[in-house]
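In: Provide a 3D model corresponding to the input given below.
(2 chains)
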Amino acid sequence: MSAEFKPRNRTARAAVVGNPASARLDASVANCFPGLELDVRNLEGRFFPGLLFRVVTAPAAPVAQALPNQAGIRLAAVEWQNETMLPERSELPWVQTLLAQLSGDIGNTLSDGRWYLQWIEQSGKRISTEQPNGKPYDGETVWRFLRSIALEPLLTISLVRRDASEPRPTVQLSGYRRRYTTPAGVIAVDYEPGELTQSLCNPWQHDFRDCACYYWASNHPDVVMGEASGATIPGGDPKDPTTALTYLDWLRRDRSPAGAVAAPVTRSAAREDQIDHFEINQRWQELEFVIGGREIGAVYTPPSPDHAQPYADAAEMIHALEYELAPMELTLALEYLYSMFSLKSMRELPKDRWSTLADDLAAVRQSLIIVAASEMTHLRWVNQLLWELDRAGFYPHGKHYAPVLRHSAHGPIGLKGLHTPGLRVLDYEALDAYVRVERPGGKLDTAYARCVATLEQRDRYPSHLYELAVKIDSDGMLHYERFREMRRILNTYRGAGAPWPYLRDIRLGTPDETKVALDAYRSLLAALHDAYVNEAAQRFDAAQVAIASARKTMDVLNREAEALAGRGIGVPFFDVK
Amino acid sequence: MAELHRPMHTLLDIFFNPPMAVARLGASPTPLESFEWTSSRAAHGGVQTVIAPALSFTVRDDGSLEPHLPKSIRFKDDDGSVRPVAPFFELWGRFQSPHDGSVEELPLTPSRLHELGITMKHIAIEVTASNFKAARRVTDSVSGVSDMGCSFTARVDIGGDDHAKHALNAFSRHNSGQQPLVSPDRPIPLGAVQWIRPRSGSTSHAEQVDLSVLRLRFTPAIGTVYGPPRAVVGSDRQAITGPIDVLQLAGTLEGRMHTIVPPANRILSDATPWSTYRMVTGLYDDPQPQDGYDGSDDGDSTSWGVVDDSCDALITATLAWRDQRYRAHARVFAGPPAFAPDRRPFYGVNDDLDDRDLPLVKVTRENFDEIKDEVVELFRRVFESAASLNLDQARTEGLQDNAAKTAATGASEALPATGPTSMTRDDKPWVDRVPDLMPGQQASVFSTTSSRGDSLPFTEVVPFVHSQLMDETILIDFLRRRHMHVRRLLRPPFGLIGEWADEPGPDPNPAFRDPRVLRDVLHDMRMPPYMRDAYYVPLSLTRRQYQMMIGFLDLLAEEGRTP
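Out: The predicted structure is shown next:
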């Protein structure tokens, strides 16, 4: 078994040969309403040795013959025989006292009538199951009380008989809360088989269709990407960008291409197109298994590891990072930002035609925001990789890390032959250029793959550097898919001819015209410089101050650049060296 | 005579490994092969958890095992049948060494039994598997007694030299006055168990596995449903409802019609209380959730009398040595498949059990590295859960839940917003990246920037924010820089009774929650956001996880340690 995924204690100890990881307890979601494999809340039913409780919720539509006053923690049974916490030969005084009580008059008393937990006392606090107005707390609330009882110190409970006349009789008992798992790691045998699953939905398929907890997405996904059943790109994603990027409802009824539409944004909107109750009883095996967030067919075959050519040494890699990759990240970030500002705003759209344009522009703009933000993140990560390499002693002698915050739009640096940097509107030429530069297997992708291959040599480099390089490398895949999707979306308007309906008419502004924006950009670079220097020196508080300043400045830049673009002026970012 | 003087281990105890496991239903006769979790080695894998095929077993005709290492994992057969997870349980012993009295844990094998002077015949296995779901529902509110005639149980006894596969055919226990739901003449199969025949001598993969270890295999059922003869066709409302079905929609029949139970499975009695059960009437002590049964969503919510073939089972091994009986127990829970097997929950059953029984974690300089690994693991699991979550839907529902309880509040330094401004630009100082990444989101319980081509804007943002935190270097630097923000952003867990006030006031305690305080049960953007827990209130990390995080953040803040 993989050493990095070792089970940490006995209850998670399912690391035996022959068992898939999904047989482990840490593969099952807990704290659920009510759960899929077991309902851990059932443990609290026997929190007190010798007694079985059941939590009752007030009925929402009581019939005439229903008993009043049902909500609360009801005593279901007195079960002291064979109670593992009350062995008859125990020398503990509290055990003998409790045994005598439950096997004698008190046990008999509790076996007649409707008894409910009245209060719980531990560590000097007495928590009543009744509200200040005298009404009992409802089932869901009081169940949480039981969950909040500690193993120690000694606990005292009071029970009251609700079907008796006033003054209602009460009984107090003291003992220690049950330890639910034994030293061998198994839930105590006091719980009968069937007891731990008794409150799950019946059939379980009913809950599978319905459950509203939302965080069991690790086992029962809400949204997935569709299966890559046709042509794929390196990494296995579908070649069709819509299929690659669209979140589908995993519970959709129609699993043909006719059902492959975006998951709705609310549960009620999704309901009509989801598999129904009863239907799921028969069809649940049609639900797809999901790997990497994407539906797969019946079989999963692990991909072969990629093997790019490592750099000759750390110095060559550092040079590539400093002079090619980091500057390229900033260059691309600026290009994408400039392109984003070239998109019309909602106010500028024609009202009498192109009814699809508002939605399409919103989607493209949102994608560009994410990609541009991601490029800035890459810039930071490349800088982080560089300062970590310095800290680990891999910089060439006499040289140390300095922040790389320059673009590669001029001069001999940059990925020559691949991409010609330029601040351009998001026309179709630009989209094609962006798709090319982000292409997996392209030069940019290969450069990072070479970093990964270099740092994968674990006998030479610390593992955390490899992981960082992998992070940067893997992010680029999504950019490629996003640009292809943007191109697909905007192809709708290609037939209109230039000027494209979605584009502003923008020219590159002069430094004077764009002074406020350029000043903000310079301040942004200065703040990032400070942030990286401080982080590299492990002055984290100072780094955070600088990052906060950078983000505020980015806000200013965005507002100013958008305002300028609305007047047909683009910010000449490349003028700032 | 020489045997009397040969030092031998003393058996102290026996136990199963694993002590508890999950079996997963599936109709295929071939169990799912084994896989393990590991980190992606692919260049585009991005430090994610992936599954890798692992050494697997086929059970031979004689009940022994044949190991193999698969190249791929087949989750379904060609006919679409899901392959079940059929876990193995190894039987181990705790021994006292004859040399120094120390304690060793060793798997039991025939040779180890021989060393003790016993054989496989000195072992007996008992397995009891039950489904109590219907019985639990029909718990009479007057007597408080569950009608166990609506439960069904299978029990097998297996001798230590019996290596046949034994079916677990369940039927209803009942007293003389009760009607059994499941007749012994037409039982419900809950799966099978097999006490594996140990193999010794030269075998394949011998360096990786000892086939002579004593093992038991539990195979779950196929994942079907059973019902009475009338459970033929039902219609299902399209609306999202719940207990209000009984009040507002009783008597309405609408929606698509479907077969409820396959014809061959309509074998149950229709004369039990399970066939007339209705939720929220006050006649029964309903479990929570109340509407979790077939029939709750149509007509007047009368049950169709349907049950499934899931169960939980207790496995007991008894070993006789010298004049003593030794017992080992294991439990198995049979549920649905884990449909995203490379994704792990951040709040697992193990965490839930540990949180009840283990002490809080104290973070010190000495255990820093170990805790750091736990923290990195937690954040990876957070990503794995969050990456397939529909955050847009969850946010809308959480805020709608709040609106049903009380008026919305805006954000303050003390607490985030509970209304339409939650997780928007106005939810300061709590919100961080979302306004930059979703600048158009208005103050609304709905995702106002949802559009064609970008239908789930909040959901899109989640992987962007959380995938970055899967890398240890990036994560630790982030925590070091933003320790105050992360501290504040973690929703505190519920406290212990000993921490609560006897009578709570309206203001929440920043260190822990109290279910009697309204604000503590409202959804907001603290992490994890908009998710419901087992008590239908906002989810938090466990107390242990939370204290571990706070302790770790405190140490990072204090020391500025490097990873």
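In: contacts only, for B:Pro180.
Out: Counting by Cβ atoms under 8 Å, 6 or more residues apart in numbering or on different chains, B:Pro180 makes contact with B:149, B:171-174, B:269, B:272. For glycine as for every other residue, the C-beta is placed from the backbone atoms N, C-alpha and C.
In: may I ask which of these has the most neighbours?
Out: B:Ser172 (26 neighbours; other Cβ atoms under 10 Å in any protein chain shown).
In: re the thing from before, and which of the contacts of B:Pro180 is nearest chain A?
Out: Nearest to chain A among the contacts of B:Pro180, counting by Cβ to the nearest Cβ, is B:Arg173 at 10.4 Å.
In: any regions of the stretch 1-150 of chain B where pLDDT drops low?
Out: B:1-7, B:41-46 (pLDDT under 70).
In: where do the strands sit along it?
Out: Secondary structure of the stretch 1-150 of chain B (DSSP state E, counting those that start in this stretch): strands at B:10-17, B:20-24, B:35-39, B:49-53, B:56-59, B:65-68, B:73-74, B:88-96, B:103-107, B:123-131.
In: of the ones you listed, which is nearest chain A?
Out: strand B:123-131 (2.9 Å).
In: now for the closest one, which elements pack on it?
Out: On a contact count with 3 or more Cβ pairs under 8 Å, 6 or more residues apart in numbering or on different chains; DSSP states H and E, strand B:123-131 meets strand B:152-159, strand B:165-170, strand B:188-195, strand B:311-321.
In: turn the ones you listed into JSON lines, including mean neighbour count.
Out: What follows is the helices and strands packed on strand B:123-131, written out as JSON lines (neighbours: other Cβ atoms under 10 Å in any protein chain shown):
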{"stretch": "strand B:152-159", "mean neighbour count": "20"}
{"stretch": "strand B:165-170", "mean neighbour count": "19"}
{"stretch": "strand B:188-195", "mean neighbour count": "24"}
{"stretch": "strand B:311-321", "mean neighbour count": "22"}
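In: for B:Gly453, which of these is the nearest?
Out: strand B:311-321 (45.7 Å; Cβ to Cβ).
In: which phi and psi does the closest residue to B:Ile267 other than its chain neighbours have?
Out: In this structure, B:Ile267 finds its nearest non-sequential neighbour in B:Arg186, 4.4 Å apart by Cβ to Cβ, 6 or more residues apart in numbering or on different chains. Reported as degrees, to the nearest 10, the phi and psi values for B:Arg186 are phi -130, psi 70.
In: still on that earlier bit, just the strands of the stretch 1-150 of chain B: most buried one?
Out: When those are scored by mean count of other Cβ atoms under 10 Å in any protein chain shown, the highest mean neighbour count falls to strand B:20-24 (a mean of 30).
In: tell me the angle it makes with strand B:88-96.
Out: Strand B:20-24 runs at 170 degrees relative to strand B:88-96, counting by axes from the mean of the first three to the mean of the last three Cα atoms, to 10 degrees.
In: burial count for A:Ala298?
Out: Using other Cβ under 10 Å, A:Ala298 is surrounded by 17 other residues.
In: now the one 5 residues further on
Out: When neighbours are counted by other Cβ under 10 Å, A:Pro303 registers 16.
In: looks like it contacts A:Gly236 (just checking).
Out: Yes. Using Cβ atoms under 8 Å, A:Pro303 is in contact with A:Gly236, at 6.3 Å.
In: where exactly do the helices run in chain B?
Out: Residue ranges of the helices in chain B, as given by DSSP state H, are B:2-5, B:110-116, B:133-137, B:244-248, B:349-357, B:368-386, B:391-405, B:434-437, B:457-467, B:472-481, B:483-489, B:543-559.
In: what sits against B:Val59?
Out: So B:Val59 contacts B:65-66, B:165, B:194, B:196, B:217 (Cβ under 8 Å, 6+ apart).
In: need the max-distance pair from the residues you listed.
Out: For these, the maximum inter-member distance is 15.5 Å, found between B:Glu66 and B:Lys165 (Cβ to Cβ).
In: quick revisit: dump the contacts of B:Pro180 to JSON lines, plus distance to chain A.
Out: Converted to JSON lines, those look like this (distance: Cβ to the nearest Cβ, whole Å):
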{"residue": "B:Gly149", "distance to chain A": "13"}
{"residue": "B:Phe171", "distance to chain A": "13"}
{"residue": "B:Ser172", "distance to chain A": "12"}
{"residue": "B:Arg173", "distance to chain A": "10"}
{"residue": "B:His174", "distance to chain A": "14"}
{"residue": "B:Ser269", "distance to chain A": "16"}
{"residue": "B:Thr272", "distance to chain A": "13"}
